[in-house]
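Student: Below are the sequence and a predicted model for it; my questions follow.
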Amino acid sequence: MSKESLKEFQKLFLQSPKLQEELKAVKDQEQFLCLAVERGKENGYEFTTQDIKDLLTEEAINDFTGNTPPQEVY
């Protein structure tokens, strides 16, 4: 159930510029994961940080938190 809930939260995230800004402002991976879980709960979604890790690659999480340099696209 929690992975389904995470996928629903992901849809909300994609439709909410405010939520996107808030999560993208976090520069630490663990803080990003905890904030995502917290915002999920506030919106009625139940999932864990592990669910996020299972769904997203570490590279994708780092892209949000700015822990890796952006890759150039040619």
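Tutor: Looks like it arrived, so ask away. Residues are numbered from 1 along each chain as shown.
Student: where are the low-confidence patches of the protein?
Tutor: 1, 59, 62-74 (pLDDT under 70).
Student: run the last query once more with 80
Tutor: For the chain, the stretches with pLDDT under 80 are 1, 56-74.
Student: Measure how buried the closest residue in space to residue 61 that isn't next to it in sequence is and give me the count.
Tutor: Distances taken as C-beta to C-beta, 6 or more residues apart in numbering put residue 29 closest to residue 61, at 5.6 Å, once the chain neighbours are dropped. (Glycine included, C-beta is placed from N, CA and C.) A count of nearby residues for residue 29, using other C-beta atoms under 10 Å, gives 17.
Student: Output the contacting helices and strands for the helix or strand residue 31 falls within.
Tutor: Using DSSP states H and E, residue 31 maps to helix 29-42. In this structure, helix 29-42 packs against helix 2-15, helix 17-24, helix 49-55, helix 58-65, with contacts taken as 3 or more C-beta pairs under 8 Å, 6 or more residues apart in numbering; DSSP states H and E.
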